[in-house]
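Asker: coords below, sequence missing:
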């Protein structure tokens, strides 16, 4: 019951303050976490799985110069580096936590004074439209970002709906106020990445257009509709395509000024205003994968008004709904911020890729209508099959069902055909190894999440796994391993294919397809073929059956692995770790091996090739900042030393996740690092997706309440929880003791109480 | 009544022979006319106003090399030059009779033996896939083309439906037979014209794809679906984009061979077959402006079978229906061939630009559905407003109504907005001068042809005429002329704007819009402002009101004109020739002027700048091969010397139109030259479209029957017709003598008999 005084206080509060009372978890999201060094997150606003990720870019340097890779570009995978002193502008699409990139569409920058139509450089920031800023004048919340642009004294505020970026710029008094739309800017830009751009100035407050790029996505087009709250007085276009031989129309018009029918490869535009002191100009930028018309429809459907605060509040309310699926009690605010920021980061990708009318562009470059599902794109599946998709299967199954439907649509539209490897915006860039979509599909079906045609899904998995021309699959099928001559990542491919094949076998078993099961359960044992018992490690094998002679178990590059050396990858048999352990010498060998992994020193020369992580992303030779070892700390459960798992998990949770901008030791990898954090904080982890098992760790929460979509709740209690009491003496589920180290998804779905009895002693 | 013997003969005939009896006019079409020198017609098959123009290209040289114009490319505006010894391949889109170009999409070439993946050059034809051929082994009919490709002994036959090109190749025995699909080839090609290309190999008989180009049309995409009658055994892709920095997927597959998911800027593909001696492989290539899916739907709707002869016959039957709208009796087969080939050339453009489901891409680059009309593209309006659209208004009004609807859709989709100037494939290239769409629109409304919203059409005309930023219109409105400083074609612009303004005035009067009439009838007198009485010619005027000092009445370039010098353009007041005559000194002056025009010698230095014509395209200084003087021979009607008009018309008909490949003295200009031939052969000509008047000339037919859409017929008889009897003594319409030199469209629509009484004496 609310007392009178509280009621009066409440009535006197601003709407924003009232919201603050209801959206109580939103303040624990700190989008700035991971924006320094190698986290590759972005600080700007978005809604859960939103199509628009509107965020400041602190540089827009090219990926390649004169045909050569520019290593510096890697820092700008998400557009923003916390330590940079200037902001170039605000663009509308960003990946979260990737180690290669694309996007950065439609960069907008407000300026005042003499028009500058180039972004300037880090060395000469005043030479372009970029501006200095200070973190003191910067606020980054879920779905809200604010910064003062010091050069021209402009306050920039950003928020979004699913498909609309909403900018609010507060200008000083000037008769030379500008809003620049840079259609050349982009993340991982090449000189010829912009394939074509079209812009139509519909009237003095509305422009529409699209841009086609050839980048990580080979054929990618994003359409837009851009609306100003105030008519511009003039506008112009800078066309940087260079001089052209006469082609029919050049010169008929002065196309540089107030000319509404714009097209070219390298365009920048400016819109000019008179502004009073403190005058706000707002900009809405709606995106579509299909057409300008759809972009405009998206804008009209989602944000038909000019109320910035309402858009912000609507989005934050969406965040609250996403976050409150799990309510945790944790020892400190730092833990709480880590937890809810992890939930935030685990709700950014894949992103919705569909207009409000259901249309989207398919992998076949045709327009499709999503019937009965929401279509998603940007699947970084090598990362996310591990914990992220299982996480959704637990707390967000309807969304994951739609993601599986999206994956199946991708397959239907594939010319090969194949399920996606790393897909975004109607393309597959085939980045990383394996065909782990089969894990995502199998896990969702086995857990009862995906309600589509399961037999067709199995067929898609089998077809993908039999695509002989892809990355050594043909040789793998014939020989049981990928020969080292065939691929630079022959060992990791073999190991990952073996796991994927096991997933297919599980799905086949689930559907009663014995012949498929038999075939794939045999293939699932292929990991044995790259184990060299003479050295006790996985090792590249040549086509003739002999192991590669020159070999270093610490090296990653050129040794048959990717994002992990043999020390890490030799443990990658998530579907049959006990057999793996037996194969490598039994419990003692594995125990010693794990002990060494976590404590040995990885010399710099080898660390440098581990990729995508800082020194902080590594513990001994255990690479938490990359994915292949994400299950490793749980393996002490089978050496008979679960206490070591418990120690290690708690140590990693503390060690690898912090509140600062440099709070992530490696790329967040599209939510996988965060999903690991969430699961492990709750005390269990999906070691082998496509089974219904979770392995026990050590919960970091004091208590948690997980709201399931089926209406049930899982109450987690960690009795006697503390930083020191990391050891789990007993676990009960609904009062019944859990024997062994496993929980079952089906049991958790029943809801009830999961109690961990914690202790400071092993 | 058919006798018994004839009936038996008929029954014994092959279907093709039966057709030959019914499609009796088709054999008089000789598509080869105009394929040499500057006619710029193409010999390959198409149906009336078809979307596909499938024709051999004898070279595919680039428009520009290293950023500099390559003058040689002009010869290849239609892809084919009669005198060339080799054929590069068969492409699917061609303009007819243009003086600048684009298109040439999806070049297909069959070859045998070692694979050659480049076209070769004229100097080294054996170095590429092109082949020698002989005109002895070449047949070009309406909707049928056949040629033997000598290099590899392949017989190529081509036919089309509206949206499908149908190839039939008869191969020798070989295990190395190939069909090459060159996606780089094109007409007026630039190094960077191919913006993007996508191809999907759907299965071993079907591929789909699209190509986007940046040429004369700035943003142009054509989609295709290509089907083979026999499965290929292998296929491959040559990607000539050059080496790329890693962008995510290169190297995962061998993309050069049997890889179905193809994209890039510069692609060529080959499809490989085993063939027996005399084995036919057929290829269907369907086009769409909207999507691959629509292209496939077009193919399935129009040509669901593999019967080449049926497609050929269907198309030729369409041609027969088009041709038999006018049946003529003429003295010789040469005349008949000239006449029906002119009708053929006047039924090629504009072309249908819409899928079978009604969808097309609009000027706004959005997909639209044509509701209640057929959408057309490729409007070369500076040429065709003169006689071609009036010709359609007489014999094909429903089609011209759809063309006006297409022009209005263009306006609705225009960002400027403006009616089209020279538009093709969802673009305007703004080629040539004036805003002559207003003539097309006004003529169609005044003649009762266009049934759409006339007031909206008038508004579109007015808006277009007031687009101040276009080609000096602003100055023209303010000063009454385009100042010479503003435009290199200041005089022709002024003259053409004046005529166009008169068209708007006529339309306004027709709709009772007095204020608009008043404004534009004043503007229509602007031609007077560029007439210099001191020299008796139209002359460039400077902004200060003085005439340009350096001036040569014989020169075209840099003197304020385009495709015609002052001698020709000084007569360009089609809407008020009597006032023009008075202004320039009266009947005697005009008579002497015209006499001089037709008899004087134009020195080579000036001829060279006249553009788009051969020496044969000129009579004295009268340039028939270009358009500005097309009304000029009729002007003797107002000097009181109609006999001179009659002489000149008959002389031009004989002199400028022949049966040979070099039978056209200049570009056919998308049917305008042919429409002039048809009207003038029939004895009358629309001197000022947007009036309902035709001026009388001298008919070259002995008789003619014009079948009107309203069910009426116009029977034309030229009594005492002969090559010598060119003088018209009397004209009667339905028995009533025609006084003066004019006929009225409304009178002709009533049908009946138009009789010319011919004589050999003046």
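Answerer: Happy to help now that I have it. Note that the structure is a prediction, hence the values are computed from the model and not measured.
Asker: Chain neighbours aside, what residue packs nearest to the closest residue to chain B within the stretch 501-650 of chain A?
Answerer: Residue nearest to chain B within the stretch 501-650 of chain A: residue A:562 (12.7 Å; Cβ to the nearest Cβ). Heads up, the C-betas are built off the backbone N, CA and C, glycines and all. Of all residues not flanking residue A:562 in the chain, residue A:489 sits nearest, at 4.6 Å (Cβ to Cβ, 6 or more residues apart in numbering or on different chains).
Asker: quick one on the thing from earlier: what's near enough to touch the residue of the stretch 501-650 of chain A closest to chain B?
Answerer: A:432, A:433, A:488, A:489, A:492, A:556, A:611 (Cβ atoms under 8 Å, 6 or more residues apart in numbering or on different chains).
Asker: can I assume it sits in a strand?
Answerer: No. Read with DSSP: H, G, I helix; E, B strand; the rest coil, residue A:562 is coil and lies in no strand.
Asker: What average pLDDT does the helix or strand harbouring residue A:140 get?
Answerer: Residue A:140 belongs to strand A:138-141 when assigned by DSSP states H and E. Average pLDDT, strand A:138-141: 98.
Asker: neighbouring strands for that strand, and are they parallel or not?
Answerer: Its sheet considered, strand A:138-141 pairs with strand A:144-149 (antiparallel) by DSSP bridges.
Asker: Nearest to chain B: which residue in the stretch 401-550 of chain A?
Answerer: Per Cβ to the nearest Cβ, residue A:429 is where the stretch 401-550 of chain A lies closest to chain B, at 3.5 Å.
Asker: What is the burial count for that residue?
Answerer: Residue crowding around residue A:429 was assessed by other Cβ atoms under 10 Å in any protein chain shown; the count is 23.
Asker: Likewise for residue A:466?
Answerer: Neighbours of residue A:466 (other Cβ under 10 Å): 14.
Asker: Which pLDDT value goes with it?
Answerer: 98.
Asker: Enumerate every residue touching it.
Answerer: When contacts are counted by Cβ under 8 Å, 6+ apart, residue A:466 touches A:473, A:477.
Asker: Check the gap between it and residue B:406 for me.
Answerer: Remark: distance between residue A:466 and residue B:406 (Cβ to Cβ, to the nearest Å) = 50 Å.
Asker: Show the average pLDDT along the helix ranked longest in chain A.
Answerer: Across chain A, the helix with the greatest residue count (assigned by DSSP state H) is helix A:490-510. Helix A:490-510 carries an average pLDDT of 98.
Asker: What is it packed up against?
Answerer: For helix A:490-510, the elements it packs on are helix A:437-446, helix A:454-465, helix A:473-479, helix A:514-523, helix A:566-569, judged by 3 or more Cβ pairs under 8 Å, 6 or more residues apart in numbering or on different chains; DSSP states H and E.
Asker: Flag every buried residue along the fourth one.
Answerer: Neighbour counts using 16 or more other Cβ atoms under 10 Å in any protein chain shown place A:516, A:517, A:519, A:520, A:521, A:523 of helix A:514-523 among the buried residues.
Asker: continuing past that helix, what's the next helix or strand?
Answerer: In N-to-C order, the element after helix A:514-523 by DSSP H and E is strand A:531-532.
Asker: That next one pairs with which strands, parallel or anti?
Answerer: In the sheet, strand A:531-532 lines up with strand A:537-538 (antiparallel) (DSSP bridges).
Asker: Name the residues that touch the partner strand?
Answerer: By Cβ under 8 Å, 6+ apart, the residues outside strand A:537-538 that reach it are A:491, A:495, A:527, A:530-532, A:553, A:560, A:566-567, A:569-570, A:572.
Asker: Then stretch A:567-576?
Answerer: If you take Cβ under 8 Å, 6+ apart as the criterion, stretch A:567-576 is touched by A:491-492, A:495-496, A:498-499, A:502-503, A:524-525, A:527, A:531, A:536-538, A:553-554, A:561, A:564, A:577, A:579-580, A:584, A:593-594, A:597, A:600, A:621-623, A:626, A:628-629, A:631-632, A:635, A:687-688, A:690-691.
Asker: Give me the buried entries from those residues.
Answerer: Buried among the contacts of stretch A:567-576 (16+ other Cβ under 10 Å): A:491-492, A:495-496, A:498-499, A:502-503, A:524-525, A:527, A:531, A:536-538, A:553-554, A:561, A:564, A:577, A:580, A:584, A:593-594, A:597, A:621-623, A:626, A:628-629, A:631-632, A:635, A:687-688, A:690-691.
Asker: How much space separates residue A:373 from residue B:49?
Answerer: Taken as Cβ to Cβ, the span from residue A:373 to residue B:49 is 43 Å.
Asker: Looking at the two, which one has more neighbours?
Answerer: Legend: neighbour count by other Cβ under 10 Å for residue A:373 and residue B:49, higher for residue B:49 (22 against 19).
Asker: where's that one, which helix or strand?
Answerer: Per DSSP H and E, residue B:49 falls between elements, in no helix or strand.
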